[in-house]
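Colleague: Okay, predicted coordinates and the sequence, questions at the end:
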Amino acid sequence: MFRILFCLGLIVCQSVVFSGFIYPKYDDSLILKWWQSGVIYQVYVRSFKDSDGDGIGDLHGLTEKIEYLKDLGVGAIWLSPIFKSPQYDIGYDISDYRDIDPSYGTLDDFDKLIDESHKAGIKVILDFVPNHSSHEHEWFKKSVKRIAPYTDYYVWKDAAKNEKGERIPPNNWLSVFNSGSAWEWDEERQQYYFHQFLVQQPDLNYRCPALVEEIKNVMRYWLDRGVDGFRFDAVPALFEVENLMDEPKSSKSDALPTDYDYLDHPYTQDQPETFDMVQQWREVLDSYENKGSDVTKFFMVETYSPIDKIMKYYGTDARPGAHFPFNFFFIQQFNRQSNASKAIDIVASWLDNLPAGKWPNWVFGNHDQPRLASRLDSNLVDGIHMIQLLLPGTTVTYNGDELGMENTFIRWDQTVDNAGLNVGSSRYQLFSRDPERSPFIWNDDLNAGFSSAKKTWLPVDPSYWINNVEAQSYTNSHLKVYKQLVQLRKSKTITHGDLQLFEASEWVFGFIRALEDYPTYIVVVNLGSEYESIDLQKIRPTLPRYLRAKIYSINHSPDVKLDDEFLSSDIRLTPKSSYVLTTADIIENDTTDLK
Ligand code: GLC
Ligand code: MG
């Protein structure tokens, strides 16, 4: 996308505010696909709803809660891995790609979930783990024994020797989970196998054509069962250089020699072959569309790479890749110190780098990252949702963020995530992902209504008695604001309108969504901790003298009443508060396009 410098504001006003760039509107004739218009909601199945009292969320429990998802208004659910697994990495270590783990249910339960979701108009996206399997997978057991065709399904290498002639790993590559070498010796096969993640997660070998075909067949298996798409896990880790070059030392001085961050990773991340494999997977998905189905089989990929690499995952027009790679920049670069210009940079850098015709997305949380309410500020949750849901592009929400759930404190003796356990009791809090995985909070019953078990797999957040879905349904709440925003997303201005980013003061970030003949929406978010008064006339002098608030953050000024009209030259924001303002009902003859 290109941008046009919006200079009018700069000329008219004296105390200059950054009035930003305008990104053009989408073509009126563009009909958005389900994955573009709908919100994608990540369900961490293990923590969502337990139906059989074992303290672990399951498919049947999730199916019981479809009404909640429908009411929330989301278009699709992405399920964290539910396949057979010994759970060393909570399902990201798969021992059978074609079956459901018994703790989550059966294939019948899965079929039922698909049916019920589809009846509710909700698509189902599966987590697909292509980089590695579990060491308990039949493929690995047979590969160890060099049984065809599995012999080369994994990355096996001979040992190197040190000066004393002793066996050492083939090179210095490190495991992501900070346990030292990414190579593990196998006595039986007398070779090392490579594991980017846990020892129990051997890497699959994408230089083996039979394995490549096997993985495509697994995709077909689930597509034939009716799934609507995939989230592909840890994609940059797919290939490594063939010459096994040592990786260089990083500049991160606080990393221990066994920490992944001790090295940079030019030879084990984002190799050229990876982008081609992503394009091949897209062909598999598109072949379903061509089979007479008019509905896109959707494909998003996980990557924390630098922006130039990330954009390559979109592929080209001739050979498309993912529908989108996740945009994690608001997770990686936005924190409690960030001001309005930082927010502009983050949004603009994605849009400026986006290849022509490709679609943006905005992500603020997932099962690997501290909760957004804890990372940023619980008072900023509504403002973040306004940003995330009203920018052009798809929103991906991590379950519980709609409630503003915070990290749950997990003691060392309660820790289950191996990423935490690997580094020991003094450093586990730096790496454990348990705090953001605690059970969903439904009501103030036992275990927040998540489970009837005496003990749940992770503790329920102690604040559940006051903060839960039920409580948030009675009062003005994050949940209610979230639902209003999901509805507003459907308006033509938000789906097709142009975008002007602005910085109304150092700490007030905002943007305008506008489309001829439709109401204009203006989002303003006070990221700071001071009271602010801003003048939107300086940003866009053509705005009417008065605006009306369409949606308020729950911490808005107490002296503001619901139907108040706001003087556009004097919008007041208490710390961390936010508004969606509109010209609807203000401009004569202006009609809202929302039902
Ligand atoms: C991805 C997943 C993470 C998992 C890792 C290894 O980053 O999101 O939870 O541990 O891949 O599969
Ligand atoms: Mg259960």
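Modeller: Looks like it arrived, so ask away. Ligands and ions are numbered 1, 2, ... in the order given.
Colleague: Would you mind listing what in the protein touches ligand 2?
Modeller: 50, 52, 54, 56, 58 (CB under 5 Å from the ion). Where C-beta positions appear, they are placed from N, C-alpha and C, glycine not excepted.
Colleague: for the nearest residue to the first one once chain neighbours are set aside, what are its contacts?
Modeller: By that I understand residue 50. Spatial nearest neighbour of residue 50, excluding adjacent residues (CB to CB, 6 or more residues apart in numbering): residue 451 at 3.6 Å. Listed by CB atoms under 8 Å, 6 or more residues apart in numbering, the contact set of residue 451 reads 49-50, 53-57, 439.
Colleague: And for residue 57?
Modeller: 44-50, 104, 439-440, 450-451.
Colleague: Residue 64 touches residue 49, doesn't it?
Modeller: Yes: Residue 64 is within contact range of residue 49, at 6.2 Å (criterion: CB atoms under 8 Å).
Colleague: among the contacts of residue 451, which ones are buried?
Modeller: Buried by 16 or more other CB atoms under 10 Å: 49-50, 55-57, 439, out of the contacts of residue 451.
Colleague: How many residues are close by the spatially closest residue to residue 533 that is not a sequence neighbour?
Modeller: Excluding the flanking residues, the one nearest residue 533 by CB to CB, 6+ apart is residue 572, at 5.0 Å. By other CB atoms under 10 Å, the residues close to residue 572 number 17.
Colleague: Can you pull the phi and psi angles for the residue of the stretch 451-595 of the chain found nearest ligand 1?
Modeller: Of the residues in the stretch 451-595 of the chain, the one nearest ligand 1 is residue 458, at a distance of 14.4 Å by CB to the nearest ligand atom. Phi and psi for residue 458, reported as degrees, to the nearest 10, are phi -130, psi 150.
Colleague: Please apply the same query to residue 512.
Modeller: Residue torsions, per degrees, to the nearest 10, at residue 512 are phi -110, psi 130.
Colleague: Report the secondary structure state of the closest residue to it other than its chain neighbours.
Modeller: Nearest residue to residue 512 in three dimensions, chain neighbours excluded: residue 500, at 4.4 Å (CB to CB, 6+ apart). Three-state call for residue 500 (DSSP: H, G, I helix; E, B strand; the rest coil): strand.
Colleague: which residues pair with residue 500 across the strands?
Modeller: Note on residue 500: beta-bridge partners by DSSP bridges are residue 22, residue 512.
Colleague: Verify the stated contact: it with residue 536.
Modeller: No: using CB under 8 Å, residue 500 is not in contact with residue 536, being 11.0 Å away.
Colleague: quick one: which of those two has more around it?
Modeller: Taking neighbours as other CB under 10 Å, residue 500 and residue 536 compare with residue 536 leading, 26 against 23.
Colleague: okay, the more buried one: pLDDT?
Modeller: Residue 536 carries a pLDDT value of 97.
Colleague: In three-state terms, label it for me.
Modeller: Following three-state DSSP, residue 536 is assigned to coil.
Colleague: Close to ligand 1: what parts of this structure are there?
Modeller: On the criterion CB under 6 Å from any ligand atom, ligand 1 has as its neighbours in the chain the residues 89, 92, 129, 197, 233-234, 302, 367-368.
Colleague: hang on, the earlier thing: am I right that the residue nearest to residue 533 is in a helix?
Modeller: No: counting by three-state DSSP, residue 572 falls outside a helix, being strand.
Colleague: And the helices in the stretch 101-250 of the chain, which stretches?
Modeller: Applying DSSP state H, counting those that start in this stretch to the stretch 101-250 of the chain gives helices spanning 107-119, 138-144, 209-224.
Colleague: Out of those, the one nearest residue 170 is which?
Modeller: Residue 170 lies closest to helix 138-144 among those, at 17.1 Å (CB to CB).
Colleague: buried residues in that closest one?
Modeller: Under 16+ other CB under 10 Å, the buried positions of helix 138-144 are 139-140, 143-144.
Colleague: What of stretch 35-47?
Modeller: Neighbour count says stretch 35-47 has 35-36, 38-47 buried, by 16+ other CB under 10 Å.
Colleague: tell me the two of those residues that are most distant?
Modeller: Across the buried residues of stretch 35-47 (CB to CB), the longest gap, 28.9 Å, separates 36 and 46.
Colleague: Residue 299 against residue 285, yeah?
Modeller: Yes: Residue 299 is in contact with residue 285 according to CB under 8 Å; the separation is 5.3 Å.
Colleague: any low-confidence regions in the stretch 1-150 of the chain?
Modeller: Applying pLDDT under 70 to the stretch 1-150 of the chain picks out residues 1-21.
Colleague: re earlier: wouldn't the residue nearest to residue 533 be in contact with residue 531 here?
Modeller: Yes: using CB under 8 Å, residue 572 makes contact with residue 531 at a distance of 7.3 Å.
Colleague: How about residue 545: what's its closest non-neighbour residue?
Modeller: Beyond its immediate neighbours in the sequence, the residue positioned closest to residue 545 (CB to CB, 6+ apart) is residue 568, lying 6.2 Å away.
Colleague: again with residue 67
Modeller: Residue 67 sits nearest to residue 120 (CB to CB, 6+ apart), 7.7 Å away.
Colleague: if we can go back for a sec, and which of the contacts of residue 57 is nearest to ligand 2?
Modeller: Distance to ligand 2 across the contacts of residue 57 (CB to the ion) is lowest for residue 50, with 4.0 Å.
Colleague: Secondary structure element for the closest one, which one?
Modeller: Secondary structure from DSSP states H and E places residue 50 outside every helix and strand.
Colleague: Tell me which residues touch it, please.
Modeller: 56-58, 61, 439, 450-453, 456.
Colleague: And residue 471, by the same measure?
Modeller: Contacts for residue 471 (CB under 8 Å, 6+ apart) come out as 443-444, 477.
Colleague: Out of the residues you listed, grab the one that's most surrounded.
Modeller: residue 477 (20 neighbours).
Colleague: isn't that one right up against residue 554?
Modeller: Yes: under the criterion of CB under 8 Å, residue 477 makes contact with residue 554 at 6.4 Å.
Colleague: Mind splitting the protein into its structural domains?
Modeller: As recorded under automatic domain parsing, the domains making up the chain are 16-30+490-582, 131-205+239-265.
Colleague: Out of those domains, indicate the one that is most buried.
Modeller: domain 16-30+490-582 (a mean of 19; mean count of other CB atoms under 10 Å).
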